[in-house]
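Colleague: Fold the following for me, if possible:
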Amino acid sequence: MTSRFPRIFSEIALGPHRLRNRVVFGAHTANMSENGLPGDQHIAYYVERALGGAAMIVVEPMPVHPATVLTRGNFRTCDDTVISAFRKLTDAVKQHGAVVLQQLYHVGSHGDSDLSYHAHWSPSGGPSYHDSDGSHAMTEGEIEETIEAFVSAALRCQAAGFDGVEVWAAYGGLVDQFWTPFYNKREDRWGGALANRMRFSREILSRIRRRCNPDFIVGLTVSDEPGCPTALTRDELAEIVARLDEDGLIDYVTCGSGGYFDYGSLMPTFLYPERLGAELSARLKAVVNHALVVAESHIRTPENAEITLGEGAADLVSIVRGQIADPHLVNKAAAGAPEDIRGCLSCNQMCWGRRSRDYWISCLINPSVGREAEWGGDRLRPAERSKSVLVVGGGPAGLEAARVAAERGHKVVLAEAADRLGGAFRLAGEQPRRAQILDLFRWYEVQFEKLSVEVRLNTYMEGADVAALGAEAVILATGSLPLETGFQKALPDRPNLPGLQEGNVFSAESVMAREARPGSRVVLLDETGGWKGCGTAWKLAEQGHQVLFVTPDALVGKELQRTSADVPLRRTLKKLGVEFFTETSVDSWQGDSAVLISHLTGTTQTVVADSLVVASTNTAANWLARELADLGIPFIEVGDGVAPRQAPFAFYEGRVAGMNL
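Modeller: Got it, this is the predicted structure:
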């Protein structure tokens, strides 16, 4: 059953434990605490991944001190009331065969004053790269207080039933700051020579070793930022880890990527190569004699994991977003059915993106994430009675509604007007480096074949067609269409863009669908701040068009900031020669030029262009809903046909519709 992934499914010892496979569900902030404690939502989230086969789970980081509270969903610091609450979590996770640890963290200078109401503590002062505040240079007494805070947190973890802790020394956090001369300019015994700069971490790790029971696992997590002149090099990290390993202070080390200087690679999107953490893990594996090495960062799939293990680059692999998207990834791979794994899109939209807005995390393609307690996990209960179901529309909402309904035992017909599934979301998959979206549609096709969903392509449905089919339940997922008026939200008193009648004006959708042929010099008006405009600009520039990118926002890719994709995107566009016009709208279109208006000065300028491409909020394609209402045919309407929105909400409504049949 596991012959395709023999390395993943070989057992390995970690401390007194025998891990059932080599896959870790690594630490990340789910932001689900309730009044600072793990509740049913948080527990069910982790239980689902243990049930899905993960060998080891490292639970969301615990801030060890009030100076390091970073999100509204952080747990209570320095408070024994967390022990009984976490005992419920550890008992539940262990019941399904996973070893469970908790990460302990302190962000040092990179705090968030809005949440902590506490000065940021750091080795030598200096600015925060998380907010705009400065930090407080720690006194010797405060260093001792913080070391003891780490140890006390570890003792609480032990009392709560955790099998160990992982000390966070990655991404420019406090432990890393003590190691790094850029942050640590101290002249006492905590700074200067490497042995002094390591004293803080050594004291934390050795005291946890000494005061917790001998079987308690102690891990460490590190990351690197190649090319950053102020970050530790891989060789410097290797020397630090080798010293800690030689002294028996760590049982394993997890290797991530990025930090506050290279923020985009901290949680890498599809803009980055896969297996990003494998180079660092290979470097550290070459210097340790006792500790296991865990490769983390953009290892999305069992194939990624098997390659990493096969290269000898790591002993374990941490697949985080892959197991968010499909909590049963490990079991599906073990069963020899990797084609059934719902693959992560590396988009960061609802995991990192929701977390960056201080909500609990979810997933664009898997709306059960964060709702496991409410929905009974990422599993579907059989329907009480099988019904005939018609789903009209093969975009995200329709695909998910059809899949869920069929998996619950209903007989489903999916009618799609186009010759392929995917709707407008397929066009996003045609943008550079976004083929993971196309992989998702292939996954749906595999599921439909297994579930006997009847897919009818090139099938445009009208009210009479729906009536003739006579389905017991009708779900409308008819999507949306581009607005043809050129309306700009930043110019609300103008319902239409002057000059549209001059021609050479196209929607971003028509460009990506290859229905339009823009000229060599293109003005791209982006009203959305997301991938619709940005990805289309990238595609056009990659094809050799000169692109003039116009946005009313203060920066290109405003909505992508939450996913940490905006900086590498802008870098890419600039390398392709795209010219940016920010805080600007199109005053009028002349057919061969555009008059641009600045929102800062009110002045205008004319730019020569062959074509105008518009990326804006769509309008609902809901005429079939109106027709069925007139005919008295009951239906459920989901997705953009209700209101044009981003893809996660379409997948969510499709899932709910299928679950409620």
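Colleague: Every contact and neighbour count from this point should use C-alpha atoms.
Modeller: Noted.
Colleague: Helices of the stretch 101-250 of the chain, residue ranges please.
Modeller: 113-116, 140-159, 174-179, 194-197, 199-211, 234-246 (DSSP state H, counting those that start in this stretch).
Colleague: hey, least reliable of the ones you listed by pLDDT?
Modeller: Per-stretch mean pLDDT for the helices of the stretch 101-250 of the chain is lowest at helix 113-116 (a mean of 85).
Colleague: I figured residue 392 was touching residue 462, is that so?
Modeller: No. Counting by CA atoms under 8 Å, residue 462 is not a contact partner of residue 392; they are 9.9 Å apart.
Colleague: And those two? Which one has more around it.
Modeller: More crowded of residue 392 and residue 462, by other CA atoms under 10 Å: residue 392, with 29 against 15.
Colleague: got a list of what that one touches?
Modeller: Residues in contact with residue 392 (CA atoms under 8 Å, 6 or more residues apart in numbering) are 398, 414, 415, 416, 461, 474, 475, 476, 477, 478.
Colleague: Please repeat the previous calculation with a cut-off of 7 Å.
Modeller: Residue 392 sits next to 398, 414, 415, 416, 475, 476, 477, 478 when contact means CA atoms under 7 Å, 6 or more residues apart in numbering.
Colleague: who's in contact with stretch 18-27?
Modeller: Contacts of stretch 18-27 with the rest of the structure, by CA under 7 Å, 6+ apart, involve 8-13, 54-61, 103, 316-320.
Colleague: Which helix or strand in this protein has the lowest average pLDDT?
Modeller: Least confident helix or strand of the chain, by mean pLDDT, DSSP states H and E, is helix 113-116 with a mean of 85.
Colleague: Can you give me the buried ones in it?
Modeller: 113, 116 (16 or more other CA atoms under 10 Å).
Colleague: Now find how far off-centre that helix is within its chain.
Modeller: With CA atoms, centre = their mean, to the nearest Å as the basis, helix 113-116 stands 24 Å off its chain's centre.
Colleague: One more: stretch 118-137?
Modeller: Mean-position distance between stretch 118-137 and its chain equals 27 Å (CA atoms, centre = their mean).
Colleague: For it, list every residue counted as buried.
Modeller: For stretch 118-137, burial by neighbour count (16+ other CA under 10 Å) applies to 118-129, 133-137.
Colleague: Filter the contacts of stretch 18-27 down to the buried ones.
Modeller: Listed as buried from these are 8-9, 12, 54-61, 103, 316-320; burial here means 16+ other CA under 10 Å.
Colleague: Does the residue sitting nearest the centre point of the chain belong to a helix, a strand or coil?
Modeller: For the chain, the residue nearest the mean C-alpha position is residue 348 (2.7 Å; CA atoms, centre = their mean). Assigned with DSSP: H, G, I helix; E, B strand; the rest coil, residue 348 falls in the coil class.
Colleague: I'd say it and residue 270 touch.
Modeller: No. Judged on CA atoms under 7 Å, residue 348 makes no contact with residue 270 at a distance of 9.1 Å.
Colleague: Using PDB, write out the CA atom coordinates for the least confident helix or strand of the chain.
Modeller: C-alpha atoms of helix 113-116 as PDB (Å, rounded to 0.1, in the frame of the first residue of the first chain):
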ATOM      1  CA  SER A 113       2.000  46.900  21.000                       C
ATOM      2  CA  ASP A 114      -1.700  47.000  20.000                       C
ATOM      3  CA  LEU A 115      -2.100  43.500  21.300                       C
ATOM      4  CA  SER A 116       0.500  43.100  24.000                       C
END
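Colleague: Give me the nearest residue to residue 411, chain neighbours excluded.
Modeller: Distances taken as CA to CA, 6 or more residues apart in numbering place residue 388 nearest to residue 411, at 4.9 Å, with adjacent residues excluded.
Colleague: how deep is that neighbour tucked in, by neighbour count?
Modeller: Using other CA under 10 Å, residue 388 is surrounded by 17 other residues.
Colleague: And residue 234, by the same measure?
Modeller: Neighbours of residue 234 (other CA under 10 Å): 18.
Colleague: Contact partners for it?
Modeller: 224, 280.
Colleague: can you start the count at 52 instead of 1 from here on
Modeller: Let's use 52 as the start, then, which means that last one is residue 285.
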